[in-house]
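A.B. asks: predicted model and sequence follow; I will ask about them next.
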Amino acid sequence: MCTLIVATHAFSDTPLLVAANRDEALDRPAAGPTVRAVGPRRALAPTDLVAGGTWLGVNDRGVLVAITNRFGVPVDHARASRGHLVTAALAHGTAKDAYEALREVDGTGQNGFHLLMADAEGAFLTWGDGARLYHLVLQPGLHIITERSFDATGAPAPREALIQRLAPTPGGPAPEEAVWQRLLTTRAEPSYDGVVVRWPERNYGTRSATFVRLGPAPRFLHAPGPPDEAPFEDHTEALVTLLGR
């Protein structure tokens, strides 16, 4: 699963803002955000300790990359981990360069995914259904991306509709980060339709949450557990140092 709430040039003081929940197997080990090398660049990102990739990160040029899976696509465990798409994209100096590079990726190499690449200049999306890739330039505004986006199920996604009802309206200064944190804690029944997912009988649920704001006042907050249980930890100093501010 996973949820990405993306505000690209939606608020007057913030060119890019992302609030994200990561949903994953409850026993899949992961480490919190650290600065790591990604090709010629460095990035602040958590780490999937199984495959070594990540699901969200920001590099030293202010490029943010994040990924969700895609519902309804048969999973082939022999394929490469989708988290390595994130680290590959983070190796680029601009979001547009990362987006263009993804056009050369074999669409059959990974299981289904939605990959966001964004910076202060713009936001781009590449998604794959396990057979081919699709590419989209995101227009200024608020975008919601989940595993069921882009007609993955042939029906409207309840979680997307829920977030659309609750999310701040674009325009003016960006709402304070607590507004986005509360949004990430929203529950629903059945639980997989909430922003926070709890599905213990499937060994699945929301494992962490991240809030990133890029622009004049950058912020990087990370909750190392479900955001309605685990407090957000502040990694802004690491982000500011990474960006050379």
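C.D. replies: Sure, I can see it.
A.B. asks: what secondary structure does the residue nearest to the spatial centre of the chain sit in?
C.D. replies: Central residue of the chain (Cα atoms, centre = their mean): residue 66, 3.5 Å from the mean position. With DSSP: H, G, I helix; E, B strand; the rest coil as the basis, residue 66 sits in strand.
A.B. asks: for it, give me its contacts.
C.D. replies: 4, 18, 20, 55, 56, 57, 86, 115, 116 (Cβ atoms under 8 Å, 6 or more residues apart in numbering). Backbone N, C-alpha and C define where each C-beta goes, glycine included.
A.B. asks: and what of residue 228?
C.D. replies: Contacts for residue 228 (Cβ under 8 Å, 6+ apart) come out as 185, 187, 196.
A.B. asks: equivalent analysis for residue 230, please.
C.D. replies: Counting by Cβ under 8 Å, 6+ apart, residue 230 touches 208, 209, 223, 224.
A.B. asks: make it 10 Å
C.D. replies: Contact analysis of residue 230 by Cβ atoms under 10 Å, 6 or more residues apart in numbering lists 206, 207, 208, 209, 222, 223, 224.
A.B. asks: so which of these is the most crowded?
C.D. replies: When neighbours are taken as other Cβ atoms under 10 Å, the top entry among the contacts of residue 230 is residue 206 (30 neighbours).
A.B. asks: ok so, going back, tell me the one of the contacts of residue 66 nearest residue 128?
C.D. replies: Closest approach between the contacts of residue 66 and residue 128, by Cβ to Cβ: residue 115, at 8.1 Å.
A.B. asks: count the neighbours of the closest one for me.
C.D. replies: A count of neighbours around residue 115, defined by other Cβ under 10 Å, yields 26.
A.B. asks: still on that earlier bit, farthest pair in the contacts of residue 230?
C.D. replies: 206 and 222 (13.1 Å).
A.B. asks: how about low-confidence regions in the protein?
C.D. replies: Residue ranges of the chain with pLDDT under 70: 1.
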